[in-house]
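> Coordinates for the following, if possible.
(2 chains, ligands or ions: 2)
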Amino acid sequence: MPEDPNLALDNWAEQTDYKWGFVTDIESETLPPGLNEDTIRGISARKREPEWLLEWRLKAYRHWLTMEEPEWAHFPDHDWRPINYQDISYYSAPKSDDDRPKSLDEVDPKLLETYEKLGIPLEERAALAGVAVDAVFDSVSVATTYKGKLKEAGVIFCPMSEAVHDHPELVKQYLGHIVPPNDNYFAALNSAVFTDGSFVFIPKGVTCPMELSTYFRINALSTGQFERTLIIAEEGASVSYLEGCTAPMRDENQLHAAVVELIALDDANIKYSTIQNWYPGDENGVGGIYNFVTKRGLCEGDRSHISWTQVETGSAITWKYPSCILKGDDSIGEFYSVALTNMKQQADTGTKMIHLGKNTRSNIVSKGISAGNGQNTYRGLVKVRPKATNARNYTQCDSMLMGDRCGAHTFPYIEAENDTAVIEHEASTSKIGDDQIFYLNQRGITPEDAVSMIVNGFCREVLAELPMEFAVEAKKLLEVSLEGSVG
Amino acid sequence: MLEIKNLHASIEDTPILKGINLSIPDGEVHSIMGPNGSGKSTLARVLAGEDVYEVTDGSVIYNGKDLLDMDPDERAREGLFMAFQYPVEIPGVSTKYFLRAAVNAVREHRDLTELDAYEFLKMVKEKAEILDLDTSLLDRSVNEGFSGGEKKRAEIFQMAMLDPGMCVLDETDSGLDIDALKVVSDGVNALRDGTRSFLVITHYQRLLNYIVPDRVHVLMDGRIVETGGRELAIRLEEHGYASIEAASA
Ligand SMILES: Nc1ncnc2c1ncn2[C@@H]1O[C@H](COP(=O)(O)OP(=O)(O)O)[C@@H](O)[C@H]1O
Ligand SMILES: [Mg+2]
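Ligands and ions are numbered 1, 2, ... in the order given. Down below sits the predicted model:
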């Protein structure tokens, strides 16, 4: 890895020509579809993993076999195409760094146009912002930039597969610590077959000198993506991490089942932001990613702070509940979410805030936007355990509907086992106002721009939580995702 | 030049405008007066292009172009501005951000360069001074939590920023105390430049003491029943709409 970060970025960009939505024509080594113990041994062998990790995977796999695929019953009429786990390939890696993408000719021009509208190619964005990028291209981390600078600060930011070799004691200690392999169906599957992901370790007292960022991309046909991310912030450490996701257009449904674990010790601070733009499928609901992700943060230490921010515009179906376990006294958990569903997309997302320590606080702001035939569900749990005296929660859930074929649903669950808990919940549902659109039109603003302005305004509190340059991207993403839903 | 001919418009199949004829030459200030429910706001909103109204007959030509053929945002970019009687709130959208987008949309249409943040703020400062507007309002969401007076003042401020050729003011005086009324009127008068035209809609003649019109039209039941000079407004104040109703009956 060259030391000059710009050079590194250039090299990386050349290697991958990373743009969203098209199939990169790279020769890759892909395991044949199918899932059994040999598949797992195959993955583990290719990654030259230590014996303990192979055993860990196999145990997860054996447990997974005993579990039932969950079914969310809220949309009985929905067009659920069952996942055949034997049709998925669980490992795909570019054969060589020398392979270059060859042509964009085979790409659907409509899709390219869409992404062009988003502007700002990843590599530029990263360079402009001084962001360190770890790109997970299908299953293997392609490149990690800015390693030198981070190393100086004592920060470890590397692909999970590398961490397994270079920092085995940390991985062994924390992997599965917060999301155990038997936690749920998709977490178990992930534990068995995860291929890569990011590993971040911020030592005691260190504030990470830059935003850390990972881009995930599903490329090869019929591969699933099972990345595994682990972020550890020691006492007084602080880090802001962002992941972006994208995938090319495919007719069939691809599975994305990631696991993200965060752990914050005393006075540590972790901010985790996601911009999720997996392929949503087409107007008829054909294709698109099934995005079934387990994300959980543990506020282990006193006064620790974990904050999730997500902007979810992609995927055919999203089930995702980034959660916080507030174990340390005075710890804080936050969840800021924008979920937009258009066409036949379905998003079922929310959070769980589990209050264990004293004076713990949680804050939830959820903004759901439904357009087309989209269905948007907020599902959240606020749980206050008996020892959590003076716990506080504030939840705000706002839904905006565009047109009359879409839906918004809210399921806030509250379990308070301590009398001192103060839990507040506010919810609203509104239709985007014709009078608002007309007002903006009367000032010369086009209907499309008017709608995106109103939607962005509606999401403002959440977008404000994103790092500046990604907030810009998120706004554009919302615009593009709403295209064609006006009028 | 705005030329309205035989304009008929309905809402949900109920005819509201029943043959309006009105022409406003460049640089003139015309006033429409009329009792509540006579169709004043309807006229303003039909001119601006709100699609709940259906134009069933007639034509509106603005600067030689068919206004009714344009979408509302096109009309605005062509230079038509309406100050709303009840400006709507848009939560989360900062007034400054919105207004810069609006100003640049209009400028692009006129082949003018886009204003960058610095140039825009300079313009804001200039226009705010004329209108005696507290610019901290502009950091808030569009019209959100504004008092009645602040809303009206913000409308006139937007008008100044957008530099329209034809300004329609729908009861800008309603809900204003005398001081606010003066400020708003001064703002409007400052924009009278001999080429820009105004259609000032009001229920009360009070406003016309401050914004002195060239012509006054009385609207009743969707028709203009009388047209005159300034003195017509004063007569209305003295004798009320009933006197005209009686005369035109
Ligand atoms: N949505 C509607 N459906 C039916 N009638 C309406 C609607 N909106 C307004 N009107 C009627 O149109 C007429 C004109 O209203 P308006 O233009 O607001 O009058 P003004 O501004 O002069 O007070 C009134 O009689 C009013 O009741
Ligand atoms: Mg009115």
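> and A:Ile414, how far is that from ligand 2?
Distance of A:Ile414 to ligand 2, given as C-beta to the ion, to the nearest Å: 46 Å. (Each C-beta comes from the backbone N, C-alpha and C, glycine too.)
> Distance check, that residue against B:Thr113.
55 Å (C-beta to C-beta, to the nearest Å).
> A:Tyr185 too?
For A:Tyr185, the distance to B:Thr113 equals 57 Å [C-beta to C-beta].
> check contacts around the closest residue in space to B:Tyr62 that isn't next to it in sequence.
Using C-beta to C-beta, 6 or more residues apart in numbering or on different chains and skipping the chain neighbours, the partner closest in space to B:Tyr62 is B:Leu2 (5.2 Å). The contact partners of B:Leu2, taken as C-beta atoms under 8 Å, 6 or more residues apart in numbering or on different chains, are B:Leu22, B:Ser23, B:Ile24, B:Val60, B:Ile61, B:Tyr62, B:Leu67, B:Met166, B:Ser197, B:Leu199.
> how close does B:Leu2 get to B:Asn63?
Distance of B:Leu2 to B:Asn63, computed by C-beta to C-beta: 8 Å.
> Make CSV from the contacts of B:Leu2 and add secondary structure and neighbour count to it.
As requested, the contacts of B:Leu2 are exported to CSV (DSSP: H, G, I helix; E, B strand; the rest coil; neighbours: other C-beta atoms under 10 Å in any protein chain shown):
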residue, secondary structure, neighbour count
B:Leu22, strand, 19
B:Ser23, strand, 13
B:Ile24, strand, 21
B:Val60, strand, 23
B:Ile61, strand, 15
B:Tyr62, strand, 22
B:Leu67, helix, 22
B:Met166, strand, 22
B:Ser197, strand, 22
B:Leu199, strand, 26
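> Does B:Ser185 touch B:Leu208 like I think?
No. With contacts defined as C-beta atoms under 8 Å, B:Ser185 does not count as touching B:Leu208, sitting 9.4 Å away.
> In contact with the residue of chain B found nearest ligand 2, which residues are there?
Among residues of chain B, the one nearest ligand 2 by C-beta to the ion turns out to be B:Ser41. It sits 3.1 Å away. Contact criterion C-beta under 8 Å, 6+ apart gives B:Gln85, B:Asp170, B:Glu171, B:Ile201 as the residues in contact with B:Ser41.
> now do 7 Å
By C-beta atoms under 7 Å, 6 or more residues apart in numbering or on different chains, the residues touching B:Ser41 are B:Gln85, B:Asp170.
> Could you check the pLDDT of the residue in chain B positioned nearest to chain A?
With C-beta to the nearest C-beta, the shortest gap between chain B and chain A falls at B:Gly92, namely 3.1 Å. Per-residue confidence (pLDDT) for B:Gly92: 92.
> before we move on, what about the one 5 residues further on?
The pLDDT attached to B:Tyr97 in the predicted structure is 92.
> Dihedrals phi and psi, it?
phi -60, psi -50 (degrees, to the nearest 10).
> Neighbours of it, how many?
16 (other C-beta atoms under 10 Å in any protein chain shown).
> A:Ser44 is in contact with A:Leu54, correct?
Yes. Contact criterion C-beta atoms under 7 Å: A:Leu54 and A:Ser44 qualify, at 4.3 Å.
> And the helices in chain B?
B:40-48, B:72-77, B:95-109, B:117-131, B:148-162, B:178-191, B:230-248 (DSSP state H).
> Least reliable of these by average pLDDT, please.
Taking the mean pLDDT of the helices of chain B, helix B:230-248 comes last: a mean of 80.
> For B:Leu176, what are phi and psi?
The phi and psi values for B:Leu176, taken as degrees, to the nearest 10, are phi -100, psi 140.
> Could you measure from it over to B:Leu131?
From B:Leu176 across to B:Leu131, the span is 13 Å (C-beta to C-beta).
> same check, this time on A:Leu175
Spatial separation of A:Leu175 from B:Leu131 under the definition C-beta to C-beta is 63 Å.
> swap in A:Val472?
The span separating A:Val472 from B:Leu131 equals 32 Å under the rule C-beta to C-beta.
> Next: B:Phe198.
If you go by C-beta to C-beta, the gap between B:Phe198 and B:Leu131 works out to 16 Å.
> which of the two has more neighbours?
A count of neighbours by other C-beta under 10 Å puts B:Phe198 above the other of B:Phe198 and B:Leu131, at 24 against 21.
> How about the contacts made by that one?
Shown in contact with B:Phe198 (C-beta under 7 Å, 6+ apart): B:Val29, B:His30, B:Cys167, B:Leu169.
> Mark which of those are buried, thanks.
Buried subset of those (neighbour count, 16 or more other C-beta atoms under 10 Å in any protein chain shown): B:Val29, B:His30, B:Cys167, B:Leu169.
> Nearest to B:Ala102 among the residues you listed?
The shortest gap between B:Ala102 and any of those belongs to B:Cys167, at 14.7 Å (C-beta to C-beta).
> Grab the nearest non-local neighbour of residue 156.
This is for chain A. Beyond its immediate neighbours in the sequence, the residue positioned closest to A:Ile156 (C-beta to C-beta, 6+ apart) is A:Phe201, lying 4.1 Å away.
> actually chain B
If the residues on either side of it in the chain are set aside, B:Ile156 comes closest to B:Gly187, at 4.6 Å by C-beta to C-beta, 6+ apart.
> tally of neighbours for that neighbour?
B:Gly187 has 23 nearby residues by other C-beta under 10 Å.
> residues contacting it?
B:Gly187 makes contact with B:Ile130, B:Leu131, B:Ile156, B:Ala160 under the criterion C-beta under 7 Å, 6+ apart.
> The first one and B:Ala190 touch, don't they?
Yes. Taking contacts as C-beta under 7 Å, B:Ile130 lies within contact range of B:Ala190: 5.1 Å.
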